[in-house]
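Q: Test case, fold it:
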Amino acid sequence: MEKILDVVVVGNVGIDTNIYLYGNEIDFSVEANFTHNIDYLGQAGGYASRGYQRQGKRTAFIGHVGDDFSGRFIREVFARDGIDTRALFTDPTGTARSVNFMYPDGRRKNFYDGKAHMTLMPDLQTCRELLSCARLAHFNIPNWARHLLPLAREAGTVVACDLQDVVRVDDPYRGDFIAAADFLFFSAANYPDPTPLIYEFWRRNPGCVIVSGMGARGCALGVAGRVEFFDPVSLPEPVIDSNGAGDGLAVGFLSSHVLEGRDLRESILRGQITARYTCTQRASSDALITSAQVEAFTQGAKP
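A: A predicted model of the protein is given here:
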């Protein structure tokens, strides 16, 4: 089938509520804390879909929202963006939500409500048609998404899976996504050194290319049995919100390497720039980095 789409994002989209603390910690000794609270379209599927679209990629989304105010809002935003939503299905339990406690330095603590993602089953024929006409399938890890992995492989579509923040290297929930991936992403937020995880993932899937986001420590690239570390990039604007940074790393890397054919090292740089720029956006996925901005920052970062 003709590849009329650049990328299909498979995952959860929902509304995030960011709770910005005025101090450095929550005061649990009192009943009330004064904070600044903002709602916006977020979660991995929201950031990734809108991120590709902002970089000029022909983008479709497979996921679920509720038949409620939040779900209708998300459908309107995606339609305005030009994101293909023929596979944006309905979750009868409502639209997914996240609450993020945000610290002044950009760190967060996330409380996620994925609604019925453990039991939902999307329409497989519609998903097969979308995956067959896309060059890249970018998977996040709602439970229902594992049923689409074989469809993407059968279609010959490049498969990238983002495992998010890995807690246990032997977590069986992520096993299908690890095994199916051509490109594997994960956050090393719970590990000082991602190297042991990378080698464990290679044991299960020897041929995949692996990228680990390390936050303020930069990132790691694992390819062909070798792990290389990259320092973080600097941009003029400060880090104020880390939500969506991992999604930005994946979007920037995959746009560059898979969709534009750039080499791995340049693609890592572009991924890091995309992630770092995301961290300058406060409670918003409306103004993610464009391809022109990525190019300008990339040229500025080259010696």
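
Q: roughly how far apart are Asp171 and Asn190?
A: Using C-beta to C-beta, to the nearest Å, Asp171 is found at 11 Å from Asn190. C-beta coordinates here come from the backbone N, C-alpha and C atoms, glycine included.

Q: Can you report how many residues lie near Asp170?
A: Around Asp170 there are 8 other residues, counting by other C-beta atoms under 10 Å.

Q: if I pick it, what's in contact with it?
A: Shown in contact with Asp170 (C-beta atoms under 8 Å, 6 or more residues apart in numbering): Glu200.

Q: Now do the same for it: helix, strand or coil?
A: coil (DSSP: H, G, I helix; E, B strand; the rest coil).

Q: Can you name the element that comes right after the longest helix seen in the chain?
A: Counting residues, the longest helix found in the chain (DSSP state H) is helix 264-278. Using DSSP states H and E, the helix or strand that directly follows helix 264-278 along the chain is helix 291-301.

Q: What about the residue nearest the centre of the chain? Give its phi and psi, please.
A: Closest to where the C-alpha atoms of the chain average out (C-alpha atoms, centre = their mean) is Asp247, at 2.8 Å. Asp247 adopts backbone torsions of phi -60, psi -40, taken as degrees, to the nearest 10.

Q: and if you look at Gly215?
A: Per degrees, to the nearest 10, the backbone of Gly215 is at phi 60, psi -130.

Q: Any idea how many residues pack against the residue lying closest to it once chain neighbours are set aside?
A: Leaving aside its sequence neighbours, Gly215 sits nearest to Ala189 (C-beta to C-beta, 6 or more residues apart in numbering; 6.5 Å). Per other C-beta under 10 Å, the neighbour tally for Ala189 reads 17.

Q: Any figure for the gap between Ala189 and Lys109?
A: Counting by C-beta to C-beta - Ala189 and Lys109 are separated by 11 Å.

Q: what residue ranges in this structure score low on pLDDT?
A: Counting by pLDDT under 70, the chain contains low-confidence ranges at 1, 106, 302-303.

Q: quick one: Thr195 from Phe111, how far?
A: For Thr195, the distance to Phe111 equals 30 Å [C-beta to C-beta].

Q: To clarify, my last question referred to Ile240.
A: Taken as C-beta to C-beta, the span from Ile240 to Phe111 is 20 Å.

Q: neighbour-wise, which of those two wins?
A: Ile240 (15 against 12).

Q: Quick check, that one in contact with Thr280.
A: Yes. Assessed by C-beta atoms under 8 Å, Ile240 is found in contact with Thr280 at 6.4 Å.

Q: Quickly list what's touching both of these two.
A: With C-beta under 8 Å, 6+ apart, Ile240 and Thr280 have no common neighbours.

Q: can I assume Ile178 sits in a helix?
A: Yes. Under three-state DSSP, Ile178 falls within a helix.

Q: Pretty sure it sits against Arg204.
A: Yes. Counting by C-beta under 8 Å, Ile178 touches Arg204, with 5.1 Å between them.

Q: Who has more neighbours out of the two?
A: More crowded of Ile178 and Arg204, by other C-beta under 10 Å: Ile178, with 21 against 15.

Q: Quick one: the strands in the stretch 101-250 of the chain, in order.
A: 108-113, 134-139, 158-165, 183-187, 209-213, 219-223, 226-230 (DSSP state E, counting those that start in this stretch).
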